[in-house]
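Novice: just coords:
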């Protein structure tokens, strides 16, 4: 019962928040709603016994990502209303509405299967973070490391792209000395 | 009783809200918000399946998706910054020099 | 004998090639002399061969292989039998005369050398035509004479009319040649060979329908060369060529090739009386038809040309009735007197600066006595007056028609005989006698070179005496041709002779009488009949209106409206459609990120729709 | 010499590569020498060829992609031998008569590459190798048309390339299907044409494959209604381009017909005789009429080419030795004659820079020598006996007469219609008075032109009078081909229609 | 409570990870070198990268087929090895294109080379696993690096390209995640072999949901493989990126995508899920055709090549749809041949790159630029023409053999209509390749200075071009050994 109430409540809030995020003209509302939605999602994670995920969600999303976005918003000066010329809005809703409808139609049917076996079962009595840790550092060690590389890549990318060196483009420079120096 | 389908449908609906944003938004930053929604929607699904099958893999996947989302934000912001420095706007309509 | 055969065959070729070497050079009398000499050599060889085969010998040689593919085997084989020898004799005789004559006639022509090259080439082709021992060889000569005829009709190519006439002749002949070609194919596929002897040997075993087709198609070929209706128009137009050419090609030799073909293929034709009868009927029709046109024509050479046509009709009647030897005989005599007639006409033209309208002449007898005599002789022979050559041969044809109970044919031919006599002497009268109209037009006629006249002499002699060789001739050709004895009661026979001679004489009489008095009144020219005849039954006009022009128009339509606007345009349309659809598809590539994302959405939606609603049987 | 075919194929290509080094001034001499050597090589091939052996000779086989059955497989028989000789010969003659000054080096190098592809097509016995050369021949030709052509040259060049390319791709699919079927039947991959010949297929396969091959080949021939690229290509190409296009490239199509679909699909070929014959007839009559309507001399010759190719196709589908041997021979004669005609038109174009008949008239007076050769070639084109064309045309038509009488009669109109347009061409440009002032002082043929042209005339007449040395090897191979087809045919109709020689020639 | 987990080193099979480790360590090394000493020349980094990739390649070649490692996350089968070889070879050939005579912004960053190596590692992970998670992470690593590399070219168009690519990539990532989630929901697994097992055991009971999952997979992989209508980024990104990188993009990410697509779709096709085959059939045809017809109307050679690469990708996708061993082998053969031809073509563009837009205000390589090239620079024109002919599929140049094999594979599986469509598309595509040849050979030059086409050339670049010319022309000799090699690997991995 509790689960149902929580589910519907969270669902309603999440949907509303995300709807605000995508529909609001005000960037600030948008971002706040997004952050709120993210928090709600972590609520789902707790509801689904994925405590670790819930924590990560809050820390990474609501903490790091949202901070980045906030910083971005200040940088881009989009705190005011954003002017967007939305062409053919009906098409947008048609596309996504229809997609949603079709997805719902498909997913309403329950999944029937007798052959699903949990590869990494949740063991009774083991805390979720502990279980996650075990799986993550055994089975998913490689992806985990690759994810680290990915984050490194993202970091380098962010630094390089946002760096000062990008302000002056060597690609566009057509100075004489360039060509002389570059000539064979 | 909340079944797996409930969660999956919720996930689908949230995903489609994200899609609305992706299709609709003209501001690059807000567009990135929408892509976050997409990934988050999927995460709910993973967590739910994980719970109903009693399998941790889904949570793993969700975890990695969060990592991916974070990385994307970093790169995306970097790109936005260079773009903004050059053009002073994040409007997609200002970005049509290549077409045809 | 083979040597003689090869000499007769190749001497003209050698002469032709020799002359051709100088073709583009200024006049060189040597070419004339050389070709004439070589032809004389060929003539001697022909005479020798004629003597040789006179008593039933035959010379058959194979020079080399020509075509061999699959079951088709064609050698260059030559046969000299009695028919061939006769033809060779006629051809070499007339051509030698014409060559010598031409040296004078073409004296002032820029392209003197070229003329002799072609003339000799023609003789060579004609020799191939008559000497070949198979249908394919015949066809070589057949086309060869066509080519030479084309070149010689269009000899004075600066003249539009000449080159037009040349093309007309060639194309008309080609139409007929197609028939001939088909005939040859039929022969090959059904007889398995193209050799005369092999083919004729099998005639008896073959299906009648097949034989009808073979003979019919072959006869189509003959109709073209011999200018039978409806392919006759070219012959009159061919008079654009130099007169010696008309004498040689369009009177004496080439046009008789059709007759030769029928004679040569007599085993085939005798086996199918239907076709033969048709041949005879057509011949009779053409005889009358052509003679009627000759009645009113004002053109010196055309009149003679129509008369040739008419005489060819006679020959076909004979051939069609199975009297092949008579046809051949008439072919021979006709060659002599008609060539003579043409050469005489050549003299007149020379004298009149190439004027051809006989109404602008008159009284030329005074200035050109010898020519007048020669032409009158020839006309008498043509008219069939005893004892000239024409009498014997023509009379034989009439007799054959009568004897085989073809009275209608006989009547037609009989009437034609009268007409022939009339127009011949109309011509003689208008040219040589009566008022000297040429003075009005400021001509200064003069007699031709002496040697030209001497050159004509042999023909004159032959035109007079050839008829007396009738029996020896018949005897000779009886080795190869069926000789039918016509049993006509002696009385009837003499009656026929008298009747025929009578109508000829009365034709002459009318002509002489009328034209010595200034001719018919102008009123005649207003009548429908006159106009019809004068315009050659409007046939050239019909051809022009209903064949040439539609053909040209259709060609233009095919090109402009079909090829360019339909076929090619379709191809281009496909190309431009693809290109344009490329242009149209560029909307996908608007460059706007929002749109690009939406396209992805569209893709997703379509796939989802497919996933849910399209479910093929697994 | 075991590898004479390889030498023949690659000699010009290597010479072409080396030609980049030769200086511009001497390149013409270089080109002519190379072509002459190549021609002599091909003559050597001819003389060492055994005319009485019907099968493939000088065979070379080298696996190229053994896993997929593709090999470097060369060989000649009587059918291909003379087309090879024709290719080398026409290239030589074309080079001798070449009058282009602009970018002469590129021209000669492209011609040498073109020669490689032409020889390559005719000696390939592997379908893929055949296809390689077939497609490759488009490239130098594209360049020749496009770089030295007339005003619409680029349009014409692209049209030529794309049209043929599209068609041959369909043929490629056919080849792949064929290879697959061969694989199914034998378990081995092979693209060897000789191997494919041995494969007996059910009727429906045969028909579809026949169509696939036929489309590719028909565009090259070019069959109506795929012919429209040709007038453009000819109209725009420089003289040498037209000469080679007409003389050799078109033959690839008809040669392909003899080599590929006929022995591979005898039943389908028989089944398709009538459709093909109808197309050929349209080609013969319709294009002859279109030719008559042309105002441009070269277009007349171009359309006449199409018309004659119709007869060749018809002869090919006669399904008897007479017709096929005739059509192979006609390919050669058409090569020589139409090549000469294009060269002749080129001569006048070089002098006046126009090809419109209305611009001429009375040329016989100013250029008698030229007019003479033109006359001979016109007559050869018309198919006068004792010229090469007659032998081919006669045999083709004679052969097809066995299939259909009516159609042969219709096809025979080509001798009439051919005369109509050719003579009217001759009359319009050569007869009459010299009207145009510019024409009064035209120079007659110069040395190299008359040398090239007289050679062609001599060949035309020589092979018209004595075709035996060429016709006999062709006949030997064709007879064996036809009896092979007869043996292979599965349907009764096909067995009836395909007629191997039964009437044996008399003993010599 | 939990049992202690003991894992033996052997069971981890660390060797499976070695190639990627080489690349990652190499990349880190480059970063370290940069930290130690600034302002080192790009030549050092280029050569270092080549060497690292060489070592990487050596390690890949040393692997044996059919291993799994790291709790079965890594999968080294034939496909993995083959595709890694292609990826590494292509990377080794493309990275020296940085050695231009002119200076371009991106090469002034040591990070460029580090990112490049990370990207390679990402692609390697993508192909060497059948775990959807690792595939995803690898894919993102590579993609994020690639976006950055594009942007580093540092001009407005490259930013625009990077942003477009990035945003669409983010959407595609969402699709991928959704697809993976549905697979997981259906089978409780994210490992493809396991998914296949479960689905087969269930006898495909939940077909509709499965198809929805497949839809998302098609959409995300379709984005990577630039299938219509997920292809819209391709031309813009190619145009915005430097020619060298564009060429690289046309080859490497695609082969990685193909391998993933093969792994994802092949078992479905083999289990006779007709839907997948039909949809792929349609997608292949539309992709080939649409890209071709749009390419017809392009004014810029690079953009044309972008569309052409879409079309080629469509062509090759057909192999996945056909799904036989021959088809899959043909795919790799095609892509190797395509690699060399495209390398040459893009290198030619790269060599002739000007900084100033002297030809066209927007395009670097409009067709007009090349008009009359044969007269100014005959060798260059001939070389470029060879590449164009090869792309058009004119025999005997390299791509013809690829086309031959794929079409043959289609024919052999009774897809004759498909083969015909391919043939017709090849014919259409010939037009736009020909257009360049027409400009180069048949038009008069606009510029008389021959060096204009070689402004950016340097010895290494010329060497690379020469190398690809040789391979393009004499491909026929290499086809058989290559085919045998490929087939053995493909067969060994059961595809």
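Specialist: Looks like it arrived, so ask away. On a predicted model such as this, the values are computed, not experimentally measured, just so you know.
Novice: per-residue confidence at residue 130?
Specialist: Unless you meant another one, I'm taking chain A. Residue A:130 is assigned 85 on the pLDDT scale.
Novice: think we crossed wires, I meant chain E
Specialist: On the pLDDT scale, residue E:130 gets 89.
Novice: what's the answer for residue A:177, then?
Specialist: Value for residue A:177, per-residue pLDDT: 48.
Novice: and residue A:66, what helix or strand is that in?
Specialist: Per DSSP states H and E, residue A:66 falls inside helix A:66-76.
Novice: so what's residue E:23 closest to, chain neighbours aside?
Specialist: Nearest non-adjacent residue to residue E:23, counting by Cβ to Cβ, 6 or more residues apart in numbering or on different chains: residue E:121, 3.9 Å away. In short, each C-beta sits where N, CA and C put it, glycine included.
Novice: Quick check: that neighbour touching residue E:141?
Specialist: Yes: the criterion here is Cβ atoms under 8 Å, and residue E:121 meets it with residue E:141 at 7.1 Å.
Novice: Quick one: residues contacting residue E:353.
Specialist: Contact analysis of residue E:353 by Cβ atoms under 8 Å, 6 or more residues apart in numbering or on different chains lists E:100, E:102, E:242, E:243, E:364, E:365, E:455, E:456.
Novice: So what's the residue count around residue 46?
Specialist: In the absence of a named chain, chain A is used. Other residues near residue A:46 number 18, with proximity taken as other Cβ atoms under 10 Å in any protein chain shown.
Novice: if you could check chain D rather than the one you did, that'd help
Specialist: Using other Cβ under 10 Å: residue D:46 sits among 17 other residues.
Novice: Regarding it, what is its secondary structure?
Specialist: helix (DSSP: H, G, I helix; E, B strand; the rest coil).
Novice: Skipping adjacent residues, who's closest to it in space?
Specialist: Nearest residue to residue D:46, sequence neighbours excluded (Cβ to Cβ, 6+ apart): residue D:85, at 5.7 Å.
Novice: Wasn't the one you found part of a strand?
Specialist: No: counting by three-state DSSP, residue D:85 is not part of a strand but helix.
Novice: Now do the contacts for it.
Specialist: Residue D:85 makes contact with D:39, D:42, D:43, D:45, D:46, according to Cβ under 8 Å, 6+ apart.
Novice: Relative to chain A, how far out is the residue in the stretch 51-200 of chain E that chain B sits nearest to?
Specialist: Chain B sits closest to residue E:174 of the stretch 51-200 of chain E, with a gap of 3.3 Å, by Cβ to the nearest Cβ. Separation of residue E:174 from chain A (Cβ to the nearest Cβ, to the nearest Å): 12 Å.
Novice: Does that residue touch residue B:40 like I think?
Specialist: No: shown here, residue E:174 and residue B:40 do not form a contact pair, counting by Cβ under 8 Å, at 9.8 Å.
Novice: Give the intersection of the neighbour lists for these two.
Specialist: Joint contacts of residue E:174 and residue B:40 (Cβ under 8 Å, 6+ apart) are residue B:18.
Novice: I'd like to know which elements the longest strand along chain D is packed against.
Specialist: Taking DSSP state E as the criterion, chain D has its longest strand at strand D:57-65. With contacts defined as 3 or more Cβ pairs under 8 Å, 6 or more residues apart in numbering or on different chains; DSSP states H and E, the packing partners of strand D:57-65 are helix D:4-19, strand D:70-76, helix E:475-492.
Novice: so what strands line up beside it?
Specialist: Strands that pair with strand D:57-65, judged by DSSP bridges, come out as strand D:70-76 (antiparallel).
Novice: wait, does the helix or strand where residue C:38 lies contact chain D?
Specialist: Residue C:38 belongs to helix C:29-53 when assigned by DSSP H and E. No: judged by Cβ under 8 Å from any Cβ of the partner chain, helix C:29-53 and chain D are separated, with a smallest distance of 15.2 Å.
Novice: Let me see the mean pLDDT of the helix or strand just after that helix.
Specialist: Downstream of helix C:29-53, the first helix or strand assigned by DSSP H and E is strand C:59-69. Averaging pLDDT along strand C:59-69 yields 89.
Novice: does any bit of stretch D:416-429 sit next to chain C?
Specialist: Yes: using Cβ under 8 Å from any Cβ, we find that stretch D:416-429 touches chain C at D:416, D:419, D:420, D:423, D:424, D:427.
Novice: Right, I'll call it a day here.
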